[in-house]
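Chemist: Got a predicted model here, sequence first, then my questions.
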Amino acid sequence: MRRVILLLLLLCGSLAMAQWQGKQGSSVTLTIDYQGLNQPSTLTVITSPEVKGELLIDLHFRGPDEARLGKTLVRPLRNGELSFPYTFDQTGEWGVWMRYGTGIDTYQEYIRFTLAEGPRVRNYGGLFEGDLASSVPGFVQPLGFAIFGFLLLISLVTLIFTIRWVAHKKRLIQPV
Amino acid sequence: MDSVSLKQAKQIKSAVNDLWHLGTLPVLALGTLSGVLGIYWDIAWHIDKGRDSFFTPPHNFIYSAMLIVLVMAVYTLIRDRRQSHLHFKLGSLRLQPGIIIVALGAAITLFFAPADDLWHRLFGADITLWAPMHLIGLLGLTLATLGGFIATQIEADLNPEQKRLFQNLSIYFAIMFLAWCMLLLAEYEFGVPVFPMWVGIALLSALPSFILFLIAKLRPFLYAATLTSLGFTLFRLLIAAWLIFSDSRLDWAGETRPAIPLLIVTGILADWLVQRKVNWLLAGLILAVSSFLSNWLLVLTLGNGNWYLQALAWGLVGGLVLSVLLSRLAVASARALDLRS
C-alpha cells in the first residue's frame, strides 16, 4: 500500500513539474467596418475551423492609465461567424477580448487595434489559445465534473436522510 | 406504539444549553458571511487586477470561512453532549442534525483545498468559478450554511425559551444560504459567463425558490420570505459598497461590480403563496416566473443585451422545471423542520 501511495505521489509530482503549455484553438479574423467617431460601425468575427456555441466579446478603450469597460456581449456564433454594431466614441487604442468554450476548457484571444478619425475597413487576425494544458486529455474536465456530481449526490442523500430522520423523531414525540 | 412523552423527550442533560452559547452559531454566521464577501471580492480582483498570490485580502476572507467551518464542525461535534431526542447517537458522540450537515460541508471543504491546488498544478490556471474543484469548494461552504440554517430550526425546538433568538438566526442563515446560491451565478453577474447563457437564466429563475418557499412555510415571522429577500438585497448592497470603497480608498479592487439579482418580488410572492395555501407545483412555477421576469426587467433597464431570445426560451423552461423540483424539496424539508408540528 505504501509503495502505491509513493508511486502516485511521484506521478503527481512529475506531472506537476512538466512544463505547462496551452492548447491552440481556432483562428479568428476580426473585421472592423469603422464609419468614424460616433457613427454606428460594424464588427465581424469569423472563426476557422468554425466555433460552435457562444462567443463572449469584451470591447474596450485602452486609455493611457488603465482599460475601461466598453461593451460586453455574449452571442451564439452562426456558422462560426458573428456580427454586431458598435459606436466608437474616441480615437486611440482599443482592445477586444474574445472567449469561447466552457469551464476550464475555454479558448481566448486578445486583439488590439488603433482607431483614427476617418472611416476605414480593417482586418485583424489572431489565434485562440486554450486554458487547458496541451498534454491534458479532453476527458479531464468531464472527470472533474463527475467527481463534483458524485459529491453533490452524496450531499443530497445525506441531507435527505438527515431531514427524514428529524421528521421521524418529531413524529415519535407527538403526544398520543 | 414506540413513543415517549414530549416532556421526557425534550429533557437535555448537559451543561451546554444550546449552540448559540456554545459559540457555534455566531462564529458560523461570521464564517458564512466572510466566504461570500471574499469570493465576490476575489472575482472582482481577478477581472481588474489579474492573477494574484496565495494570501491576498479577498483570499484571506475565503480561507477564514473555510477555517471557521472546519473548526466549528469539529469543535461542536466534540463539545455538544446534550442527549435530546433530536440528537443522533454515534458511539459516544451526540450529533445535532444541523451540525452533521455542517460537518459534511467541512469534509468537502477539506477535500477541496489540496484537490484544487493539485488540479492547478496538473492542468494549469482555471480562472472560472465553475471549475470542478471550485464547485466542490462552493458545495462545501453552501452545505455548511444550510447546516447552520437547519441547526437554528432544531435549536428553536430544543430551547423554547430562546425561540425568538433562533428564529432571528434562521432568517440570517436563510439570507446567507440565498447569497451562497446566488454566488453560483457570480460570473453571470459580473458579465463574464463561462457557461451558456441559458444555464445562468435557468438557475437564476429556479434557485431562489427553494429557500424562499421553505422559509415562508416555516414562517418564523409573518413575512419571513419577504424579510429574507430584503436582507439578501441589503447584504449584496453592502458587498457592492465594500467593493466601491476598497477600489476608491484602498486600491484593493477594480471598477467591475456584479449586478445584484432582484428577488424582492419573489420573496413577497412566496409569503403570499403560502398564506393562500397554493400547492408546490403551482408555487414553483409562479416563483420561477417571478424571478425570471424581475431580473429580465433589470437586465433590460441596465441595457445589458446578453439575454438573447434563444437563451431566454431555454432558460425559462429549465428554470420552471428546476423551480418546481426545488419547491417540492422545500415542502418536504418544511414538514420535517416545522417548529409548530
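Modeler: Looks like it arrived, so ask away.
Chemist: Identify the bridge partners of the residue nearest to A:Gly138 when sequence neighbours are not counted.
Modeler: Excluding its sequence neighbours, the residue lying closest to A:Gly138 (C-beta to C-beta, 6 or more residues apart in numbering or on different chains) is A:Asp105, at 7.4 Å. For every residue, glycine as well, the C-beta is placed using N, CA and C. Beta bridges link A:Asp105 to A:Thr102 when assigned by DSSP bridges.
Chemist: A:Asp105 contacts A:Pro142, correct?
Modeler: No. Checked against C-beta atoms under 8 Å, the pair A:Asp105 and A:Pro142 is beyond contact range at 9.1 Å.
Chemist: In chain B, what helix or strand scores lowest on average pLDDT?
Modeler: When each helix and strand of chain B is scored by mean pLDDT, DSSP states H and E, helix B:6-9 comes last, with a mean of 53.
Chemist: buried residues in the next helix or strand after that helix?
Modeler: Next in sequence after helix B:6-9, counting helices and strands by DSSP states H and E, comes helix B:24-49. For helix B:24-49, the neighbour count (16 or more other C-beta atoms under 10 Å in any protein chain shown) marks B:24-25, B:28-29, B:31-47 as buried.
Chemist: averaged over its residues, what pLDDT does helix B:24-49 have?
Modeler: Across helix B:24-49, the average pLDDT comes to 88.
Chemist: The next helix or strand along the chain from that helix near chain A anywhere?
Modeler: Following helix B:24-49 in sequence order, the next helix or strand is helix B:57-79 (DSSP H and E). No. Using C-beta under 8 Å from any C-beta of the partner chain, helix B:57-79 stays clear of chain A, with a minimum separation of 13.5 Å.
Chemist: angle of helix B:57-79 against helix B:24-49?
Modeler: Helix B:57-79 and helix B:24-49 are oriented at 160 degrees to each other (axes from the mean of the first three to the mean of the last three C-alpha atoms, to 10 degrees).
Chemist: Show the average pLDDT along helix B:57-79.
Modeler: Average pLDDT, helix B:57-79: 88.
Chemist: next one: stretch B:187-202
Modeler: 90.
Chemist: could you give the angle of the host helix or strand of B:Asp157 to helix B:57-79?
Modeler: In this structure, B:Asp157 sits in helix B:132-158 according to DSSP H and E. Calculated by the same axes, to 10 degrees, helix B:132-158 forms an angle of 40 degrees with helix B:57-79.
Chemist: gap between helix B:132-158 and the chain center?
Modeler: Put simply, helix B:132-158 sits 7 Å off its chain's centre (C-alpha atoms, centre = their mean, to the nearest Å).
Chemist: Next: stretch A:161-176.
Modeler: Here the centre of stretch A:161-176 is set off from its chain's centre by 47 Å, with C-alpha atoms, centre = their mean.
Chemist: In CSV, could you pull the C-alpha coordinates for that stretch?
Modeler: Output of stretch A:161-176 as CSV, limited to C-alpha atoms (Å, rounded to 0.1, in the frame of the first residue of the first chain):
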residue,chain,number,x,y,z
PHE,A,161,-31.5,11.2,5.1
THR,A,162,-30.9,13.7,7.9
ILE,A,163,-34.1,15.6,7.3
ARG,A,164,-36.2,12.4,7.1
TRP,A,165,-34.5,11.3,10.4
VAL,A,166,-35.5,14.6,12.1
ALA,A,167,-39.1,14.2,10.7
HIS,A,168,-39.2,10.6,12.1
LYS,A,169,-38.0,11.7,15.5
LYS,A,170,-40.5,14.5,15.6
ARG,A,171,-43.3,12.1,14.8
LEU,A,172,-42.2,9.9,17.6
ILE,A,173,-42.6,12.6,20.2
GLN,A,174,-46.1,13.7,19.1
PRO,A,175,-48.5,13.3,22.1
VAL,A,176,-50.5,10.2,21.6
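Chemist: Adjacent strands (with direction) for the host helix or strand of A:Glu129?
Modeler: Element membership for A:Glu129, per DSSP H and E: strand A:120-133. Here strand A:120-133 is paired, per DSSP bridges, with strand A:22-34 (antiparallel), strand A:105-115 (antiparallel).
Chemist: Looking at A:Asp105 and A:Pro142, which is more packed in?
Modeler: It is A:Asp105, of A:Asp105 and A:Pro142, that has more neighbours when counted by other C-beta atoms under 10 Å in any protein chain shown, with 21 against 13.
Chemist: wouldn't B:Met182 be in contact with B:Pro261 here?
Modeler: Yes. Between B:Met182 and B:Pro261 there is a contact under C-beta under 8 Å: 5.5 Å.
Chemist: Find residues that contact each of those two.
Modeler: By C-beta atoms under 8 Å, 6 or more residues apart in numbering or on different chains, B:Met182 and B:Pro261 have these common neighbours: B:Glu189, B:Leu204, B:Pro208, B:Arg236.
Chemist: Dump the residues you listed into JSON lines; add secondary structure as well.
Modeler: Supplementary listing: these in JSON lines, determined by DSSP: H, G, I helix; E, B strand; the rest coil:
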{"residue": "B:Glu189", "secondary structure": "helix"}
{"residue": "B:Leu204", "secondary structure": "helix"}
{"residue": "B:Pro208", "secondary structure": "helix"}
{"residue": "B:Arg236", "secondary structure": "helix"}
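Chemist: Relative to chain A, which of those residues is nearest.
Modeler: Nearest to chain A out of the shared contacts of B:Met182 and B:Pro261 is B:Glu189 (C-beta to the nearest C-beta; 12.0 Å).
Chemist: thinking again about what came up before, now the strands paired with strand A:120-133 in a markdown table, with mean pLDDT?
Modeler: As requested, those are exported to a markdown table (pLDDT from 0 to 100):
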| stretch | mean pLDDT |
| --- | --- |
| strand A:22-34 | 87 |
| strand A:105-115 | 89 |
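Chemist: so what's the residue most central in space within chain A up against?
Modeler: Geometric centre of chain A, nearest residue: A:Thr106, 4.4 Å, by C-alpha atoms, centre = their mean. Listed by C-beta under 8 Å, 6+ apart, the contact set of A:Thr106 reads A:Arg99, A:Tyr100, A:Gly130, A:Asp131, B:Thr128, B:Val194.
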